[in-house]
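Peer 1: Fold the following and give me the result.
(chains A, B and C)
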Amino acid sequence: MKFKLENTGENLDGEIVKSTGNNEFVLKIQGKERDLKIVTMTHDKVEFMLDSVYHITKYLENSTNRITLVVDGVKLTFNKRPEMDKIVYKNSGADSASDSQINLKSQIPGRVVSINVTAGDNVKKGDVVCVLESMKMQISIKSHKDGIVKSIKMKQGSSVAKNDVLAEIE
Amino acid sequence: MHSEKIKNFLHKRRQAEQSGGEERIQGQHEKGKLTARERIDLLLDEGSFTEIDAMTTHHYYEFDMQNKKFFGDGVVTGYGTIHGKQVFLFAYDFTVLGGTLSEMGAKKITKIMDHAVKVGCPVIGIIDSGGARIQEGILSLDGFASIFYHNQLASGVVPQITISVGPSAGGAVYSPAMTDFVIMADKISTMFVTGPEVVKTVLGEEVSFDELGGAMSHGRNSGVAHFVGKNEYHCMDIVKTLLSYIPQNSTEEAPIVETGDDPNRLDTNLINIIPENPLQPYDMKEIISSIVDNHVFFEIHELFAPNVVVGFARLHGKTVGIVANQPMVLAGALDIDSSNKASRFIRFCDCYGIPIITLVDTPGYMPGTQQEHAGIIRHGSKLLYAYCEATVPKITLIIGKAYGGAYIAMSSKNLGTDVNYAWPTAQIAVLGSEAAVRIMNRKELDSAKDPAALKKQLVDNFTEKFANPYVAASYGTIDSVIDPAETRPALIRALDALANKRERRVPRKHGNINL
Amino acid sequence: MIKKILISNRGEIAIRVIKTCNALGIKSVAVYSDEDVNSKHVKMASEAYHIGPASPAQSYLNMEKIVETAISSGADAIHPGYGFLSENADFADLCEKKNLNFIGPSGKSMRLCGDKMECKDAMIKAKVPTVPGSPGIVEEVEKALNIAHDIGYPVLLKSVFGGGGRGIRLVHNEKELREAFEIASGESKAAFGKSALFVEKFLPKIRHIELQLARDKHGNAVHIFERECSIQRRHQKLIEMSPSPVVDQKTRDQIGELAVNAAIAVDYLNAGTAEFLRLDDGTFYFIEINARLQVEHPVTELVSGLDLVKLQIDIANGHEIPFKQKDLKVNGCSIECRINAEDTFLDFAPSTGKIWDVDIPSGPGVRVDTYLYPGCTVSPYYDSLMGKLITWGQNFEEARQRMTLALSDFYIEGVETAIPLYRTILNSKEFINGDLSTDFLDRFKILDRLQSDLKNEASQKSEPALAATLIHSEFLKNKIKPRKEHNIRWKTQVDRH
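Peer 2: As a prediction, this is how the structure comes out:
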């Protein structure tokens, strides 16, 4: 199966050759056969030995075409279907990672100190849409594109979480 | 030995895998759509798919059809696993004769549905079809009919899920409508009974495919779509997530997932989500998010009837179905669409043994001729019926307003609810204080010297006396007034206590829910 | 003699003070808000009292409540840490009024130091050189624009009541100055209750060098060497070290004397810091006096062998500083990296949440001051400093190397940190050569280098990560367990209802 490592753009090839039971597997990675033994599995972590080198991994996000995990402290994201992307994205925008075509999402949790635009306003990329406060810092959230503000999804004084939609900009 | 026969077999198998041929596959890709087999590959666990009836063909001869024979005949059927759980599926193959349904195609689909019912596993249908195969005429229509029949045979026995990733028109749309969940892909799928060309001819109305029956339209307006996926990947993700919440069949219990979230977790901030002023709205989803495991709420029908919120979540690892009023929309009032939405969800949960948790904050039903003439009486009664009918554990928590008929409808005690909780902010009454005083004290107000002051006094009295949970608590209609901070542990303890609930009803063929 | 100290702070500094209290046999009193109920400082103190809801204004900044708690707990002294009320003159005065020994300077000298304009005046009188800029407070954006136009862009827009780098913004043109004026105003009002801004010329390629000071009630004043804190972002320090690569003993003596004069000029008491800017040509300008113990005090402790919190308590007890200037000698080199809960790639936006796991480094010459423990929470109500990693070595290179290894051993799961950024900085040839300045990150495009370092790191882990991806389905099968053996009931089912 083909994978693309999004951190670096590298293409990799890998598959499970066989499962020899007892949580042991034979994998083929980049054409080479490797032995893998699962040491422990908890509800969010897996510890394994790959050819007698120990690794620990935590799975962060998983979807049909993408997986993000932390391996030995390093965060990586794989595209599991690089060949299919251009077909699937023909009619829709890109994937959840950047589906912000309309939605302006908050990248941090915080409290809405001020809302600097209203529905109907014209904004340019980089214009300040609102100001959030967190950890005693005020951070201005800027528009991700040129457009017209379709609606404001936040209230002054309320708290927003990371990835909450703050406004819709068409 | 037998090398000729083996060669012939391998050749035929390869051909079968080619579906409608390389050219048509290209065509499908150019439209931004995946092929049936690619979709199955995305949906199922790697390498788990076993195809059956790969070499079926149609046996038709009219209209020169004998020269247009393809293996599979427009549908790919088989079984496999999703995250290790067995499922049966069929996928219309648009590259073969436009994915139109033939007699053989229908036979394949109903065969796989029979298998699923025999072994008690979910059925997933991937729809991308030009509809009935006109050349086969009545055989095609009868094919649809037998699919509908099998939908009913399986309904409430095994979960049925439809993924719409292409067109589906005419009678074909009724199969998805009979399944439990419909996921449509934005800008790719369309569903309508009568297409835009006929609409234009008959009514002179001009409307695009997407506007008439696209994913967003069905997600928002008709409620036909339970989920609108951004693209095909997203649709598959939705199905996989959905399956992780529900059991394989009606005799099993939903899977448990270790979420790592403390069942005794308190949240002292919950009470602050409700504004002091009862007329001010707030987002019910914030409350839901706080009490469920890891703040994960899998919402269903998000865009349709937003004045009520339904969906799955986990409490201490176990699936629950949540039904809640949404004060941010129409002040949380009940109406036709929300009654339909909630009722269907409740009945699904009941079919599959999923406990129902109801969160209440509603001022009543939407008034007006539009609602009355469209039958709020009939549709509203569905909600009552569904709650009464459900024998799964039912827990209700009254958070804010609960007035009149809407109080009753939102899983009140005497509809057969097992545990009824209320927050100190609950206001349980026949009417809001203002309205009640206007009616009950009309004479005094009319003849008063200072009506405004008197009204205020009467309203305050009424509020103090009735707009609270304690009257209900004194009658046992509310089992317990709870500290909002302790909501999560309270619900989990109640669920644990009700885990083995069993209720018997007088046997009957089936009830007569007002449809 | 002080017997019981109430620490009007939280997080790592509260823990720091408690540790010295324990060493001296002094009882410690912790205070905590709703948010900090499970915090480490609460668990470590001799006693702990709840003082209010999460919001700082109602808890850690609530002077009356804190003083009331001190009195009722029988504390005879208050250590304010840094931030919060540490430079609040009204609080110092209130403590004095209530007979609580405030471990720090008097309200009067705090006022003087806290008002950057007045302080500047005092320095000018004491012949301590200061930075060119606006003669006073700028209340309106138009006036700011005029001054900026006169001194020439780029300029710094600073809050008179700022501190710790807050309320400072670098602007390059009129548009930026307008935007920044509004936001800086807002931030200043939110943090300090008032907004008074002033404009200063931005000097490029400057080094931020500060001197640790101490002065006792008998008038003895010493400096305990310099710290270089040039590696910053948004004018807040990231990495500090002592000694500075560009300060030799002669220079140390010279600016040390300036710093001591500055302390005397404001009648300073107890420990504090005099901050200077050093231009490329070696000129030093006084910036401000920080009337508190600073975040980066550990580097001074490690090169001097002193316990500065102990020194603070000694001075508060009325003792003379137990050493003379000539007794102090720099020993080795120490570097500190601030471990903040911030996302480097989102312009250091705050990152909050539960800390699922922590691995704290240790070894020869490695010290960590932190409030983290597995299961704790990093709260959005307070600042982003989770802890400090400090190393010491016999020379700069040993300290630097120990730091790079310790950074690799420091594992925090749950929030983003700048640990990868620090590794890139510490390994850069510019850092190794001591070519530091406050625009270090921009000048050497460190963030770009970090990107490429991260890519290399990802590349190295690509194969085990791929292996982990391939077995992910096994993981899911284990996680989503069916409740009973699949379909036993189905096979043997009897009618359900």
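Peer 1: which parts of chain A sit against chain B?
Peer 2: A:1, A:16, A:43-44, A:63-66, A:81, A:84, A:87-93, A:95-96, A:99 (Cβ under 8 Å from any Cβ of the partner chain). Yep, even glycine has a C-beta here, placed from its N, CA and C like the rest.
Peer 1: again, only using 10 Å
Peer 2: Contact residues (Cβ under 10 Å from any Cβ of the partner chain) of chain A with chain B: A:1, A:15-16, A:42-44, A:62-66, A:80-81, A:83-96, A:99, A:101, A:155, A:158-159, A:161.
Peer 1: Derive a PyMOL selection command for the buried subset of these.
Peer 2: Selection of the buried residues among the residues of chain A next to chain B in PyMOL, burial being defined by 16 or more other Cβ atoms under 10 Å in any protein chain shown:
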select buried, chain A and resi 16+62+63+64+65+66+80+81+84+85+87+88+89+91+92+95+96+159
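Peer 1: Also within reach of chain C: list those from the residues of chain A next to chain B.
Peer 2: A:1, A:15-16, A:42-44, A:62, A:80, A:159, A:161.
Peer 1: With just CA atoms, put stretch A:14-27 into PDB.
Peer 2: Taking Å, rounded to 0.1, in the frame of the first residue of the first chain, the C-alpha atoms of stretch A:14-27 are listed here in PDB:
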ATOM      1  CA  GLY A  14       4.200  -0.800   3.300                       C
ATOM      2  CA  GLU A  15       2.000  -3.800   4.000                       C
ATOM      3  CA  ILE A  16       1.300  -6.600   6.400                       C
ATOM      4  CA  VAL A  17       2.700  -9.800   4.900                       C
ATOM      5  CA  LYS A  18       1.400 -12.000   7.600                       C
ATOM      6  CA  SER A  19       0.300 -12.200  11.200                       C
ATOM      7  CA  THR A  20       2.000 -15.000  13.000                       C
ATOM      8  CA  GLY A  21      -0.300 -14.900  16.000                       C
ATOM      9  CA  ASN A  22       0.600 -13.900  19.500                       C
ATOM     10  CA  ASN A  23       0.600 -10.200  18.500                       C
ATOM     11  CA  GLU A  24       3.500 -10.800  16.100                       C
ATOM     12  CA  PHE A  25       3.600  -9.700  12.500                       C
ATOM     13  CA  VAL A  26       5.800  -9.700   9.500                       C
ATOM     14  CA  LEU A  27       5.700  -6.400   7.600                       C
END
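Peer 1: and it, how far from the chain's centre?
Peer 2: Here stretch A:14-27 is found 28 Å from its chain centre; the criterion is Cα atoms, centre = their mean, to the nearest Å.
Peer 1: and which of the ones next to chain C among the residues of chain A next to chain B is nearest B:G317?
Peer 2: A:H43 (9.3 Å; Cβ to Cβ).
Peer 1: ok, the closest one - contacts?
Peer 2: B:257-260, B:317, C:475, C:478-479 (Cβ atoms under 10 Å, 6 or more residues apart in numbering or on different chains).
Peer 1: same question, B:I300
Peer 2: Counting by Cβ under 10 Å, 6+ apart, B:I300 touches B:181, B:226-227, B:238, B:242, B:245, B:309-312, B:321-322, B:341, B:344-345, B:348.
Peer 1: quick one: which of those residues sit in strands?
Peer 2: Taking DSSP state E as the definition of strands, these contribute B:181, B:227, B:309-312, B:321-322.
Peer 1: Export those as JSON lines, with columns for pLDDT and neighbour count.
Peer 2: Output for these, formatted as JSON lines (pLDDT from 0 to 100; neighbours: other Cβ atoms under 10 Å in any protein chain shown):
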{"residue": "B:F181", "pLDDT": "97", "neighbour count": "22"}
{"residue": "B:F227", "pLDDT": "96", "neighbour count": "25"}
{"residue": "B:V309", "pLDDT": "97", "neighbour count": "27"}
{"residue": "B:V310", "pLDDT": "98", "neighbour count": "25"}
{"residue": "B:G311", "pLDDT": "97", "neighbour count": "21"}
{"residue": "B:F312", "pLDDT": "98", "neighbour count": "23"}
{"residue": "B:G321", "pLDDT": "97", "neighbour count": "26"}
{"residue": "B:I322", "pLDDT": "98", "neighbour count": "26"}
